[in-house]
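Peer 1: Just need the structure, nothing else, for what follows:
(2 chains)
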Amino acid sequence: AQSVTQLDSQVPVFEEAPVELRCNYSSSVSVYLFWYVQYPNQGLQLLLKYLSGSTLVKGINGFEAEFNKSQTSFHLRKPSVHISDTAEYFCAVPPSASKIIFGSGTRLSIRP
Amino acid sequence: DTEVTQTPKHLVMGMTNKKSLKCEQHMGHRAMYWYKQKAKKPPELMFVYSYEKLSINESVPSRFSPECPNSSLLNLHLHALQPEDSALYLCASSQAQDLGQQFFGPGTRLTVL
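Peer 2: Alright, predicted model coming up:
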């Protein structure tokens, strides 16, 4: 069965500092991985997705993630965060075309 | 139009009430979803409709009754809910076979008294 683990429930960073949100996956089959973001009082929005090909995936709002098969990781990074990046971030895996399994989420809080 | 809309934004209901949540999309998506999200938790899948037919029911109690009148609309009928059903209810849609790319609405914040 496929699953994802987000290692940090909260990550506080200062504005304009870099950030990395960690995600590890477990799968015995072909891996597809996603990062979704949920801004306060909103629904979820797809940040980026890895289906195949290049292991470095670029998403919206300056975020990127690297698929690392040997470490079974798909960490999300941004070189310089802004107050507007304050949100909950979910790593996710689709066990089928109709389902998404979300990780437990990481709350990113930005300090001025 | 890449938007999923949900109404109402907030709903307060008693345990004996009957109410409905509504979701609408005009992106031509043929798969639609209901999720339940408790505070500080990830969304949990409740139902999936594919081509207007219910394809997945994640063992949801019968007090929640989904309906898909057409390819653009999705309803969730609520009856005899419990206080523990209070949560954010999210609707999403996608192309029927699009892995992971789901578009979410802003949700309905439900409070059951």
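Peer 1: For the most centrally placed residue in chain B, grab phi and psi.
Peer 2: Central residue of chain B (Cα atoms, centre = their mean): B:W34, 3.0 Å from the mean position. In terms of degrees, to the nearest 10, the main-chain angles of B:W34 are phi -120, psi 130.
Peer 1: my guess is it meets B:F47, correct?
Peer 2: Yes - applying Cβ atoms under 8 Å, one finds B:W34 in contact with B:F47, separated by 4.6 Å. Where you see a C-beta, it was placed from the backbone N, CA and C, and this is true even at glycine.
Peer 1: what residues are shared contacts of the two?
Peer 2: In terms of Cβ atoms under 8 Å, 6 or more residues apart in numbering or on different chains, B:W34 and B:F47 are both contacted by the residues B:P66, B:L76.
Peer 1: Can you name every helix or strand that the least confident helix or strand in chain A by mean pLDDT contacts?
Peer 2: Every helix and strand of chain A was ranked by mean pLDDT, DSSP states H and E. The lowest is strand A:99-102, at a mean of 90. Helices and strands touching strand A:99-102, as assessed by 3 or more Cβ pairs under 8 Å, 6 or more residues apart in numbering or on different chains; DSSP states H and E, comprise strand A:3-6, strand A:87-96, strand B:44-50.
Peer 1: The second one versus strand B:44-50: what angle between them?
Peer 2: Orientation note: strand A:87-96 sits at an angle of 50 degrees relative to strand B:44-50 (axes from the mean of the first three to the mean of the last three Cα atoms, to 10 degrees).
Peer 1: Only the buried residues of strand A:87-96, if you could.
Peer 2: For strand A:87-96, a neighbour-count test (16 or more other Cβ atoms under 10 Å in any protein chain shown) marks A:A87, A:E88, A:Y89, A:F90, A:C91, A:A92, A:V93, A:P94 as buried.
Peer 1: This completes my enquiry, with thanks.
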